[in-house]
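> can you look at this prediction? I've put the sequence above it.
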There are 8 protein chains.
Amino acid sequence: MESKELRSLLQNLQRGEATVDQVVERLRHLPYEDIGCANIDHHRSLRQGFPEVVFGESKSVAQICQIVAALMAKGGNVLVTRLSSDKAREVGEVFPSARYHEDARALTIEQNPVEVTGKGTILVISAGTSDIPVAAEAVVTARLLGNEVEQLFDVGVAGIHRLLGRKDLILSASVLIVVAGMEGALPSVVGGMVNRPVIAVPTSVGYGASFGGIAALLGMLNSCASGVTVVNIDNGFGAAYAASLMNRKE
Amino acid sequence: MESKELRSLLQNLQRGEATVDQVVERLRHLPYEDIGCANIDHHRSLRQGFPEVVFGESKSVAQICQIVAALMAKGGNVLVTRLSSDKAREVGEVFPSARYHEDARALTIEQNPVEVTGKGTILVISAGTSDIPVAAEAVVTARLLGNEVEQLFDVGVAGIHRLLGRKDLILSASVLIVVAGMEGALPSVVGGMVNRPVIAVPTSVGYGASFGGIAALLGMLNSCASGVTVVNIDNGFGAAYAASLMNRKE
Amino acid sequence: MESKELRSLLQNLQRGEATVDQVVERLRHLPYEDIGCANIDHHRSLRQGFPEVVFGESKSVAQICQIVAALMAKGGNVLVTRLSSDKAREVGEVFPSARYHEDARALTIEQNPVEVTGKGTILVISAGTSDIPVAAEAVVTARLLGNEVEQLFDVGVAGIHRLLGRKDLILSASVLIVVAGMEGALPSVVGGMVNRPVIAVPTSVGYGASFGGIAALLGMLNSCASGVTVVNIDNGFGAAYAASLMNRKE
Amino acid sequence: MESKELRSLLQNLQRGEATVDQVVERLRHLPYEDIGCANIDHHRSLRQGFPEVVFGESKSVAQICQIVAALMAKGGNVLVTRLSSDKAREVGEVFPSARYHEDARALTIEQNPVEVTGKGTILVISAGTSDIPVAAEAVVTARLLGNEVEQLFDVGVAGIHRLLGRKDLILSASVLIVVAGMEGALPSVVGGMVNRPVIAVPTSVGYGASFGGIAALLGMLNSCASGVTVVNIDNGFGAAYAASLMNRKE
Amino acid sequence: MESKELRSLLQNLQRGEATVDQVVERLRHLPYEDIGCANIDHHRSLRQGFPEVVFGESKSVAQICQIVAALMAKGGNVLVTRLSSDKAREVGEVFPSARYHEDARALTIEQNPVEVTGKGTILVISAGTSDIPVAAEAVVTARLLGNEVEQLFDVGVAGIHRLLGRKDLILSASVLIVVAGMEGALPSVVGGMVNRPVIAVPTSVGYGASFGGIAALLGMLNSCASGVTVVNIDNGFGAAYAASLMNRKE
Amino acid sequence: MESKELRSLLQNLQRGEATVDQVVERLRHLPYEDIGCANIDHHRSLRQGFPEVVFGESKSVAQICQIVAALMAKGGNVLVTRLSSDKAREVGEVFPSARYHEDARALTIEQNPVEVTGKGTILVISAGTSDIPVAAEAVVTARLLGNEVEQLFDVGVAGIHRLLGRKDLILSASVLIVVAGMEGALPSVVGGMVNRPVIAVPTSVGYGASFGGIAALLGMLNSCASGVTVVNIDNGFGAAYAASLMNRKE
Amino acid sequence: MESKELRSLLQNLQRGEATVDQVVERLRHLPYEDIGCANIDHHRSLRQGFPEVVFGESKSVAQICQIVAALMAKGGNVLVTRLSSDKAREVGEVFPSARYHEDARALTIEQNPVEVTGKGTILVISAGTSDIPVAAEAVVTARLLGNEVEQLFDVGVAGIHRLLGRKDLILSASVLIVVAGMEGALPSVVGGMVNRPVIAVPTSVGYGASFGGIAALLGMLNSCASGVTVVNIDNGFGAAYAASLMNRKE
Amino acid sequence: MESKELRSLLQNLQRGEATVDQVVERLRHLPYEDIGCANIDHHRSLRQGFPEVVFGESKSVAQICQIVAALMAKGGNVLVTRLSSDKAREVGEVFPSARYHEDARALTIEQNPVEVTGKGTILVISAGTSDIPVAAEAVVTARLLGNEVEQLFDVGVAGIHRLLGRKDLILSASVLIVVAGMEGALPSVVGGMVNRPVIAVPTSVGYGASFGGIAALLGMLNSCASGVTVVNIDNGFGAAYAASLMNRKE
């Protein structure tokens, strides 16, 4: 982990071939990572089992295949997000073990079985059928990150009884991801029902004055329910990643 | 109502002192209202009993008193909105019959008892205690416009059971005015519970990304519940006025 | 309507096979709707005769056909909005009784003749020829919802005499839907002529600083005419739905 | 007008004391205005009789007095805009010939009688009573700039008959300034009635979603009436200045 | 122009078959235009010689041809704006006398030679080559509306000497239309050079923070040069129309 | 918890004084909470020890005292946020046990000692000295909610070494709250250093194009570091509340 | 450089064929540049060796080839920016010496070898792989403008050690261009490390609330690091041009 | 500079009291700055002579005095920005050597004479009189940072000849700071005249659609002149700081 240069430097000191002052001086001019201050990145080792992630939207099939191959060589699992079904088909021909999740527009390759390491269940709730791609991206991501995941779709606030009818499921979750477009009111209602972290994901679903998700985003930021935090518009992956951190066993 | 000129014109025709062509030509050049096309404003007569309204915010006490005196001279009731308690005290000294509604920042003078002419009840619902001034303005306005009014305050979506616990009241209303700041989610929930017109009023309550009511306004415009229409931010008066039109017997 | 479990629970109590305490305890843990608190959704029965609605824009022909078939099986009428003519043709081949309204981009299937249940006429007014798709969507929707509907198209405020020349039609309406893009001034003028509810629909028509309908939306929210409420940009369906609620006989 | 240096330079050439090359070289390095290219500013002479203008808002009484004194020394008339009544009183004590126009928040000093030089009448129309300060600023400015000015206040679009009742006045104007806040619809209606230049002035009057005049500004920019141009929010002075240019005899 | 009903009504009065009161009563209920108050639209007669205008952007070739044929039947000239070259070719096959102005994306049909009726020259100035389509639309429109038109293209403020080098042309214009995208600074510079009306046209040219013309629009509204008024983004037609009104002989 | 009416209803059934059908019918019309479905609010019992919170900003001293007295009567701890020092002094005179945290603009009353129930440490990091009020509000809130709290202030990204020098403290936290105004970049840097939940709080600190916190808010929503979620501008309380939920022992 | 007319004018004066007054009068009416005030444009001569630049985005291949040919005729180097690979291929067939830089979407033609005239190194840093096109445009431009250029790509703030590990490179640069999308935090971190000019370039990379680069732009304008200036979104060319001016030997 | 711990650690290695492995391990866990990687902050030594800066706006007189005293103790010069004259008077009583620059709202204390270290002149240009506070802040800052500074005030683009008349001054500057509110056009004109770095500073001067400086900011970001970079609204200090970096001798 530390560079040969660092070790050789210290050995010189040890052998009397360098003074303390010389070593201090040298240390000061070594490139940062060569000093071995790698514990800034130390947490990466804690992420063992976490998949590597590729943002597929603006990449060509060739680029994706090249990156996936490199990641697979490290032996871990791989997640490609924002991948169209067309591209997915071509990628799948190259990597037969790949599985494409159409609703989530995500592709996963599990070289190792996913071990459940989360302490509880992550529940992904979504308001309308059009929010499903974002919600499904959260589901796929959270599962691959080692969590038990439940989903509760199509429970918008305009039919509040559908939501209330599932309160047992809602109350049993450890972390909740709530996905909604249009007015983005669902996280407020859910946040008022539970005392667990609620991550709100605005979606770009809607038309007119929804402004590509701004209405939902503002609604969520102004939620009257305490305990709600927000991620970027359509960012199902980010919500699942944050939820996994919250769901980690100590 | 018609001008003397019109009548004299027609009398000339009647007496043979003018030809049809001449009258047509003259009619074409008369000022509009002189022709007596007053039925464009005809509906005003239908508004009998409706109070005259003064927007008090940017007017001095002297201006308000002058306008109120003029309106009272017509014999009708008077409503002054957006009136601070300081100004109200001074206005009240001039007009002893005036009544100031502190929570609504409104002053009313009832020269005639208000006759209930609405066909059903208008229910004013508000989300938080800070929304009360706007909601109370709607209550005072709707009452003075001749409606039975009920109010249901402090039933935000983060404590949805408080709202659901009053569903009989909610279901019995003829028109509903729903006042909310922050994320503005309440109209969606209420709109999903009833099949009556719901008028949503965003308020400027909130801070940070509520942007003075924009978050609530956008939330309401994007409501997933059908049957919800929206008025301007903090416009309790306008909501009550529209509700009165919807509640008219026909 | 109530669940078997609820009934069986009460029968146990009746038969002495359970105590009051036990039943109270069980009630508390039943899923919401199983308790039979179905009257939250009770109003749905009041909507009898209202068509089921499918938002067609982001759905495939296959999805639409599947949903329409399911809805038709319930025996009611069906409305598909935001449907392109291409998709409509394919859907029409599957459901020969379907009728496509090209100007409204809407498809209707009337399994039962629409019964007029509204108390008066809904008048749909639009400003420019480009606003017609939104206005026509309102017309088709309002008709299918059981209303007499009149339409008055192409009467923008820059040629105010065209509007004034139809004041009899305007004054005779029970509810008015006013559709306008660009500066969105028409609802203010119409709102000043009538004392009936006016629902303003901003459209995304325009260019430059119209910002996809924001200029019209803001204009309508700030209308100087009382009694005007607003729906989302291009939301002809929503305006017609709200108008139907306002036009309901008691 | 030309500098002494230029003249002396040319005289040197004339007298043979300089060559053409030397003069060209010198010309190239003279400060711009010294070359006498003053006709870029030539139009200032055409503005004779136009008052000098001071924007009073952010200046102290002392600063204003100093500037006014300097301008008066040139012998012309002076206009101070955006001047509070408090400051105006103090300025008035220094310059007894000053006249303060309270409604326009403007102070004028006419050292010479204003000569009417405009070819026709400038008509200033305003929608609501709150728009009057801006409209009055336009009136005062246009008068001081040498125009016949008429005013027509409080004729908003929600009471369209008031506007139509004055169509003779409207049709007789040479240039029209239309001042409106809230939805800013008035210029569209007026623009549809006349075939003269209409200058629209949005005002910051309104609340909620009027956003300090943005709603009115957007409405005016998107006017469906041809021939309407727009100035900045609350810019009554600018509108009157532009109107004066349009009203110039040529 | 007046309806038969009006004439017959007056004849009844003339013949003694109706009283003045009856006629007044009937007049009050006639549709507006039947009364013949056509002088609201009276100014249209003043527009003689002005072409009819068709906004071509969102219309099909068939629609355009139908409208153009109808307009030609009235005998006047025709202008179609925002017409792609593809559509223009097809329209041109139907109307051989049509002339397509590629740079302006406009098609004109002159059934009568355009008579110059403007009192002076309209000068169209544009900043960059990308602004030319908007500027050219202004040129074509202003010419067809009966004006002498000059053009001065590609004189942006970053090369101010190009502008200054043409000051004679600039100072000789009666009305100036200044077209600019990006920062929209050109109208301020031109407005400071002349004492004639300057109409600023922001264009959607630019990228990044130009936001489709908003930067230029705001720059023009905030121009430090008096006498500048503004039209909508890319609205070359509207600028030319307003300029024509300003350039009219009395 | 359940209403007397429910119990009496069931006893009637038990005693044979009512049929199952009658009870089902009655159940359906009881107010919601009377049925005892209180477990929707069940989580409140889990919040034992959590303080009651009063938003002090828009309330008078009298209102605050009244609310605080009522809350204290329940026996729990009380937190008043957004309280000016002036108001705090007056409130403190009424409640001698109150403690005012000047930097956090918060007042706390601890009737019971706060028991640490969180599983780890919550670390509050802030960028600039002006962010301290928001950060301090988070600190006070998190402590009162039963957490060990550490703070690390004044470690902005422009002096990145100050942040890196405290990496041990940063890596040891269980949940991190990162408060920043201006460009809001700090959460991204911190989020890249840890694999714990990071809650980003934008502040309204800054001037010019910071737009009262929008710049920081957008920066945080677009953070390139996974695991970052965001709360509303200046919402230190909300961040601490969410952090407490994340820090709860199972 | 000066016009023949100027020289002939002066010769007339010299020869006594014109008086000083006549020459002054003539000078005043000559077109600006004819007077020879060319030193306003004098700096162009200082730009010797700078390439001519063509903005390729909205131009056809034919237009580009025509312009490039004209520029090449002057003998200098040519840079075409924002050129797609498709267009580049066609342009390359016409000009065999052209070189296309795919990553930068730029085409260069070096008729003369680029001479390094900058005093130090320009370092281009970018945050993510998606920012590379903008960064590469800056690299290509800066090189062609005569600078030594280094690049450091993919060093986002979420992995701050990657940046710190290259501090020697960073500290050795004369001017730094920092390209970043999403939250745009990188320039703040870099600006805190160096005391050299830092030019920040926001990119339109990101989704949701990045709003096409606005989030990054605002972040950079609000940078807490002194010495950072900003250019328009995606404007790699502009950044390199400004950097070249800063890097000039003087 | 390095910590005792580091030195002691290395001495242990030297003395054989620790192995290389142990030292590497310990190094990895030392706080960052203790390792002595202080050259990240190395540039601070290069800033010798630069004043310390205090942002005075939101600080009390007591806070400012405390900070200033601490900074003076280091022996350097001090600059306090955004300081009202009231506060300045009080601060001046504490520090008699302080000098307050009223127009710049800045206070300076020069404990050492400022040595001119810049290679050329920094020219500060401003458009209107209201922009002077921002421009003067730039002047004061740039002087204290060791630069020759010239100023050219009140040369707006609407009177372009005033600017052109000073072209010698403009062309002789090494770096230019251009301050402008309203439409912010001045940097484009200046940028087109010089081939030196131009730093544009938008100011919040203006009203209506200037939106507190946004119009000017957007104008400057979209400048058609290459070589212009932009700082935050009203950020005269930041512009001067960046200009100083650009003006540094190698």
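Right, received. Where do you want to start?
> next, the contact list for A:Leu13, please.
A:Thr19, A:Val20, A:Gln22, A:Val23, H:Leu10, H:Leu13, H:Gln14 (Cβ atoms under 8 Å, 6 or more residues apart in numbering or on different chains). Backbone N, C-alpha and C define where each C-beta goes, glycine included.
> distance of it from F:Pro113?
53 Å (Cβ to Cβ, to the nearest Å).
> also A:Val149?
39 Å.
> looking at those two, which is more packed in?
A:Val149 (23 against 7; other Cβ atoms under 10 Å in any protein chain shown).
> settle this for me: that one is touching A:Glu137, isn't it.
No - look at A:Val149 against A:Glu137 with Cβ atoms under 8 Å: they stay out of range, at 11.8 Å.
> re earlier: what subset of the contacts of A:Leu13 is buried?
Neighbour-count burial (16 or more other Cβ atoms under 10 Å in any protein chain shown) applied to those gives A:Val20, A:Val23, H:Leu10, H:Leu13, H:Gln14.
> residue boundaries of the helices in chain A?
A:4-14, A:20-29, A:43-46, A:61-73, A:85-94, A:132-144, A:160-164, A:167-172, A:186-193, A:214-221, A:236-246 (DSSP state H).
> OK, now which residue of chain A is nearest to chain C?
A:Gly208 (3.0 Å; Cβ to the nearest Cβ).
> the spatially closest residue to that residue that is not a sequence neighbour: how many residues sit nearby?
Sequence neighbours aside, C:Ile233 is the residue nearest to A:Gly208 in space, at 3.0 Å (criterion: Cβ to Cβ, 6 or more residues apart in numbering or on different chains). For C:Ile233, the count of nearby residues is 25 (other Cβ under 10 Å).
> confirm for me that C:Ile233 is in contact with C:Ser204.
Yes - taking contacts as Cβ under 8 Å, C:Ile233 lies within contact range of C:Ser204: 5.7 Å.
> just name the shakiest helix or strand of chain A by mean pLDDT.
helix A:43-46 (a mean of 33; mean pLDDT, DSSP states H and E).
> wait, A:Val114 sits on A:Glu148?
No - using Cβ under 8 Å, A:Val114 is not in contact with A:Glu148; the gap is 10.7 Å.
> what's near enough to touch the residue nearest the centre of chain A?
Residue closest to the average C-alpha location in chain A (Cα atoms, centre = their mean): A:Tyr241, at 2.7 Å. A:Tyr241 makes contact with A:Thr141, A:Leu145, F:Ser226, F:Gly227 under the criterion Cβ under 8 Å, 6+ apart.
> ok, how many other residues are close to A:Met63?
Residue A:63: Gln, not Met. Neighbour tally, A:Gln63, other Cβ under 10 Å: 13.
> ok, A:Ser60 next?
A:Ser60, neighbours per other Cβ under 10 Å, totals 11.
> could you do A:Arg99 as well?
Count around A:Arg99 with other Cβ under 10 Å applied: 13.
> which residue packs closest to it, ignoring adjacent ones?
A:Arg99's closest residue in space is A:Thr108 (Cβ to Cβ, 6+ apart), at 5.3 Å.
> quick one: that neighbour and A:Ser97 touch, right?
No - at 9.5 Å, A:Thr108 and A:Ser97 do not qualify as touching, with contact defined as Cβ under 8 Å.
> these two: who's more crowded?
Taking A:Thr108 and A:Ser97 together and counting by other Cβ under 10 Å, A:Thr108 has the greater number of neighbours (21 against 11).
> any idea how far the more buried one lies from A:Val149?
For A:Thr108, the distance to A:Val149 - Cβ to Cβ - is 13 Å.
> give the contact list for the residue of chain A found nearest chain E.
The minimum distance from chain A to chain E, using Cβ to the nearest Cβ, falls at A:Phe211 (13.9 Å). A:Phe211 makes contacts with B:Leu218, as judged by Cβ under 8 Å, 6+ apart.
> per the record, what domains does chain A have?
A:1-28, A:31-109, A:121-247 (automatic domain parsing).
> how about the contacts made by A:His127?
For the record, residue A:127 is Ala, not His. A:Asp154, A:Val155, A:Gly156, A:Val157, A:Val179, A:Ala180, A:Gly181, A:Met182, A:Leu186, B:Cys224.
> A:Asn235 too?
A:Asn235 sits next to A:Val134, A:Val201, G:Tyr207, G:Gly208 when contact means Cβ under 8 Å, 6+ apart.
> which one of these sits closest to chain F?
G:Gly208 (7.1 Å).
> surely that closest one and F:Leu221 touch.
Yes - with contact defined as Cβ under 8 Å, G:Gly208 reaches F:Leu221; the gap is 7.1 Å.
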